[in-house]
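# Starting from these lines, generate the structure:
(chains A, B, C and D)
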Amino acid sequence: MVRDEQLTESELGRIAESLRDDWPTAQAVDFEESVEYHGSLPDEKRFAHVLESADKPLLQPRAGVPRLDKQVELLTHLWEEGGADLLPTTIDSYTRDNEYAKAQEGLDEARESGEDTLNGFPAVNHGVDGCRELVERVPGPIEVRHGTPDARLLAMVTFAGGFQSFEGGPISYNIPYTKSRSLAETIEHWQFVDRLTGLYTEFGVRINREPFGPLTGTLVPPSIAIAIGVVEGLLAATQGVKSLTLGYGQVGNLVQDVAALRALRALGEEYLPDDVTVTTVFHEWMGGFPPDEARANGVISLGGATAAFARPDKVITKSPQEFRGVPTMEANAAGLRTTRQLIDMLIEQDVTIDGIDEEQAFIERSARSLLDSVVSLGDGDVAQGTLRAFETGALDVPFAPSQSAKGAVLPARDDKGRVRILEFGELALDDEIREIHRTHLDARAKTEGRACSFRMVADDVDAISDGRLIGRPKEGWT
Amino acid sequence: MVRDEQLTESELGRIAESLRDDWPTAQAVDFEESVEYHGSLPDEKRFAHVLESADKPLLQPRAGVPRLDKQVELLTHLWEEGGADLLPTTIDSYTRDNEYAKAQEGLDEARESGEDTLNGFPAVNHGVDGCRELVERVPGPIEVRHGTPDARLLAMVTFAGGFQSFEGGPISYNIPYTKSRSLAETIEHWQFVDRLTGLYTEFGVRINREPFGPLTGTLVPPSIAIAIGVVEGLLAATQGVKSLTLGYGQVGNLVQDVAALRALRALGEEYLPDDVTVTTVFHEWMGGFPPDEARANGVISLGGATAAFARPDKVITKSPQEFRGVPTMEANAAGLRTTRQLIDMLIEQDVTIDGIDEEQAFIERSARSLLDSVVSLGDGDVAQGTLRAFETGALDVPFAPSQSAKGAVLPARDDKGRVRILEFGELALDDEIREIHRTHLDARAKTEGRACSFRMVADDVDAISDGRLIGRPKEGWT
Amino acid sequence: MPRTVILGVIGSDAHVVGITILDQALSAAGFDVVNLGVQTSQAEFVDAAKAHDADAVLVSSLYGHAEQDCRGFHDRLASDSLDLPTYIGGNLAVGQDDWDETRRRFERMGFTRVFDSETEPQEAIDALCLDLDVSATEREGSEPQSIRVTT
Amino acid sequence: MPRTVILGVIGSDAHVVGITILDQALSAAGFDVVNLGVQTSQAEFVDAAKAHDADAVLVSSLYGHAEQDCRGFHDRLASDSLDLPTYIGGNLAVGQDDWDETRRRFERMGFTRVFDSETEPQEAIDALCLDLDVSATEREGSEPQSIRVTT
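Residues are numbered from 1 along each chain as shown, chains lettered A, B, ... in the order given. Take a look at the predicted model:
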């Protein structure tokens, strides 16, 4: 039975050993030698150092192609032409499914044909030396971004390969990404990743960990995203993680987004041990984008403006080509520069928007209720509490494909475009909190002259790609 | 001596007669027939009607090419692909200088070569029939936008040609546009344009007039822009103009821009007679643009966001190709859609920003001081007062090429990026107001560890095109 | 007695929003919903229908490959002696297809009812009540508890 | 006694920001400034210098055609017996020209001093004081009144 306890060194060693046969490159992983290697990296490539010492929001894109030379070229372009402050390496889908042989086929094919036959960088296949070459050849600090439920081997190889930041977590890389993976198993797998991170940290290599805040990216109520981020943070902290970046995905309402980022930071600092440095990351809108670069630039700009007001430590940017999938590197760099222009024009204005404190208090109260229910359902054990909370629906994620989540929660926007909860299922929120959500949604329903309904939800899901924020009825409404 | 009095019908007739020989197309102008023609236009092409009955900010681009067919094509594209609510016709430079023969040469050349050899639509040369064909073939209401100090013939022809909105004014189309035109003469010329507008209005054709708010487009302090707009409005109202759109150009600081638009509306309504309907227009940033479409999209988006907060009646949009001059029609439409996305995502959020009331009160107090000085310098006559105010520097415009303005005012941004006044010259602002400007600028100087200086002004002029709002010292500053 | 309906997105399709909303609507209307979720195979639909003694099967498809994904589906149901209403809804064809033609094509494949992607959940509920002979009394009793109506 | 300087943008150039700032700086430093503004011809410069008995002429050009616009300027000054320091500043050549070369070219044309577009107004003021022999006492007396210095 998985419990929120630190893995012993012998367990860690045993698991690492058991993974060594999964793919040949695992054989080259040598912890002590890797610690030494990390020691050779200059300050400007130490991810946690750069992130934690920044005095304004740092920008980071998403980017990954199969071949090493092309990945260097891509990241160098985003650094030089986009002005990225932090670099990513997005991993391919086969690796996310632990299908290293298929990833190898794709990589071989890419090398032969010159075509990108994988949708990311197969870091396990590139192995320790390949990763180190990447880390050395790119101009900045670099993070592994993926979506892998069982990322143990990926972590072993990329940490040995010199990466110092790793996205994901047992909930955030399971519930939104998979249909039938066991949550208990995923928690165990991430205990390994976090313990490995902790061990590196103890040996002086401060590896940064980043739970994936946006979850399903579709109208996730802030309190849910924050509660899950903090839970993942608690599980990581138990394993010795000291540099933790909690994430949140833009919903598009200025007041709610600023309030949510402040609540995320406040609760992160409150719930996590004092020796954990908490930073925050804001993801530009993760839902459907307008099929038009001009309108997409508007969505990205609203993200940049929000970041200027909320001042997260990091912003993950989108590109104007978002609607058609993987952007060209030029479009990716353009998204960075558009975001930068908004931040640089707005951040010194010191804008204060009304109503943020109130919204923040409401988000914190709701997130606290969810967090407390996790702790109490587990009789004090966060791992067990997480399992029970998802089983019972006390914790739930809207629009999650996973069978581990109840999927009973339905969100909808209120009359100002803030994301509220229409259907609660068994979510651990008391009647008073529920009533506040209902009141907000009723006000919208009244404005629109229709009942609160599933149709509202569906309209809201499409609204931003249709060019607005709130999914107002399309006809007969003024 | 020009006085702020309504032109008599005989004067109007005499001037109109005297203009008939300036260019052959003037012969075809027939007032009564034109009134009848306007009566035949449908509601959706009546500019003032569309503008004054709108319930959210309408978008209007700038656009003008020499040939009629191409102008129809261009405006139709901006309507259909850009979603413009109001259409423009920008007039060429030769027409602005009353060089109709040169404009004709350019038009003939354009027709022969198929190249656009003029930078706008030579409406006088196209004549009454050409204008009417344009008005009939485009899908929406349409305004003449130009920059012509002596626009009397242009007004005669375009009004007869079915246009129902006309930009410009005696100050705003002289001071920022010309070097040595006499302001007294320009006032007389615009009295004719406004009286003609008034006469149409009396005959049931409500022609809209729009003083050019942004002036030199370069860090114009809001109080100066507002005072000049109101003065031009007063002069127009005397001549019988009833539909008046006062303008303001974005300075890039959210609080100041929202406050300025509110002050513009408030003072417009207060100073102008009750039977004049005052609307407001917000111009997206008119200063130097970044030489990069991605960053330019950021600047445009900040304009859209500001419009969502301030809710002017109309927004004049920019395109991402602004830095390189006249945009392609696709880029022009893109600027409209980016602006629209921001407005549609933000307008229902009902965002309240702190400090706007205070800034508005300060702007109103300063603008009132300038306005009162105009009235008192003219012993109650606004035309005479305007002349004296510019002669003495009591009213002044920064960076104006005109010898009619003192050009003694120098603006600079304060520590939050609001435009303040560094050099006042003889501007009619009392010591208390001046002290407030100084205090704000001193705070910035302290932040930057340098003195308030000309260098600050020069840095501010370049700041937005360099990717920021405030022209901070480039090196050694954190 | 509540009717049991099987719900799922067929094939490799991962569009979860539509069935999430439909699941909620059906549950609120008193149906027992077995939501198989995204990326559900024909075999999983058949097995679930048997295992839960289902009254109807609702298939969703939004990525344009419904025809391939559903080929042979009704033969499988028949060979397991399952005779129950089957609905399909979503974006059922790629491109500019004529809707009537698309509808007829899926009806010929054996689907009882065919819905486009603009269908409101209520339409499916009304159709189920008709096809499953849910009486007005039953419907009354199953009035949405958790779905509020603003009056 | 205050020195009189003629200031203007030569040719068809309409860049007004630079001379606006320079005008302010020179006036504040105690000079009598005759600002001819943008789009000023050679003849206007010469006439103004004569009419105001000027001590120096400052020419600005930012649109890259300075060389054409200034061709023959010093001959005109000479033929009117005007012998006074002439400065030119701005973007004096189009493209990637070597600055030293550009400076020498304009010096050969007769300009006393040549400044690039990054020049601070104070540099021009210091040069004028030197070239016009403005004494320290005079400078003291002409300390900027309206230009505040934050201490």
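
# who's in contact with the most centrally placed residue in chain C?
The centroid of chain C falls nearest to residue C:58 when counting by C-alpha atoms, centre = their mean (1.6 Å). Applying C-beta atoms under 8 Å, 6 or more residues apart in numbering or on different chains, we find residue C:58 in contact with C:5-8, C:22, C:86-89, C:124. Just so you know, the C-beta spots here come from the backbone N, C-alpha and C atoms, and that holds for glycine as well.

# Let's see which of those end up in strands.
Among the contacts of residue C:58, the members falling in strands (DSSP state E) are C:5-8, C:86-89.

# picking that back up, so the residue nearest to the centre of chain C sits in a helix?
No - going by DSSP: H, G, I helix; E, B strand; the rest coil, the assignment for residue C:58 is strand, not a helix.

# separation between it and residue A:425?
In this view, residue C:58 and residue A:425 are 20 Å apart by C-beta to C-beta, to the nearest Å.

# Quick check, residue A:139 in contact with residue A:76.
Yes - the pair residue A:139 / residue A:76 is scored as a contact, 6.2 Å apart, by C-beta atoms under 8 Å.

# Could you save the contacts of residue C:58 as TSV and add columns showing distance to chain D?
Converted to TSV, those look like this (distance: C-beta to the nearest C-beta, whole Å):
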residue	distance to chain D
C:5	72
C:6	72
C:7	67
C:8	65
C:22	62
C:86	73
C:87	69
C:88	66
C:89	63
C:124	66
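
# Closest to residue A:161 out of those residues?
residue C:8 (40.3 Å; C-beta to C-beta).

# Tell me, how many residues neighbour the closest one?
Using other C-beta atoms under 10 Å in any protein chain shown, residue C:8 is surrounded by 23 other residues.

# Beta-bridge partners for it, please?
Under DSSP bridges, the beta-bridge partners of residue C:8 are residue C:59.

# What residues does it make contact with?
Taking C-beta under 8 Å, 6+ apart, we find residue C:8 in contact with C:19, C:35-38, C:40, C:44-45, C:48, C:58-60.

# Point out where chain C drops to low pLDDT.
Scanning chain C for pLDDT under 70 picks out C:94-97, C:136-151.

# can you give me the strands for it?
Applying DSSP E to chain C gives strands spanning C:4-9, C:32-35, C:56-61, C:86-90, C:113-116.

# Just list what the fourth one packs against, helices and strands only.
Same thing as strand C:86-90. Applying 3 or more C-beta pairs under 8 Å, 6 or more residues apart in numbering or on different chains; DSSP states H and E, we find strand C:86-90 packed against strand C:56-61, helix C:66-70, helix C:73-79, strand C:113-116, helix C:121-131.

# Repeat that for the second one.
In terms of contacts (3+ C-beta pairs under 8 Å, 6+ apart), strand C:32-35 is packed against strand C:4-9, helix C:17-28.

# just the angle between the shortest one and strand C:56-61, please?
By that I understand strand C:4-9. Here strand C:4-9 runs at an angle of 10 degrees relative to strand C:56-61 (axes from the mean of the first three to the mean of the last three C-alpha atoms, to 10 degrees).

# How far off centre is strand C:4-9?
Put simply, strand C:4-9 sits 6 Å off its chain's centre (C-alpha atoms, centre = their mean, to the nearest Å).

# cool, and stretch C:52-60?
Stretch C:52-60 sits 7 Å away from the centroid of its parent chain (C-alpha atoms, centre = their mean).

# One more: stretch A:278-288?
With C-alpha atoms, centre = their mean, you get 7 Å for stretch A:278-288.

# and that stretch, is it in reach of chain C?
No - judged by C-beta under 8 Å from any C-beta of the partner chain, stretch A:278-288 and chain C are separated, with a smallest distance of 9.6 Å.

# That stretch near chain B anywhere?
No - in terms of C-beta under 8 Å from any C-beta, no part of stretch A:278-288 sits within range of chain B; the closest distance is 9.7 Å.

# Point out the most buried one among the helices and strands packed on strand C:86-90.
strand C:56-61 (a mean of 25; mean count of other C-beta atoms under 10 Å in any protein chain shown).

# Taking their axis directions, it and helix C:17-28 sit at what angle?
Counting by the same axes, to 10 degrees, strand C:56-61 lies at 160 degrees to helix C:17-28.

# Show me how far strand C:56-61 is from its chain's centre.
With C-alpha atoms, centre = their mean, you get 3 Å for strand C:56-61.
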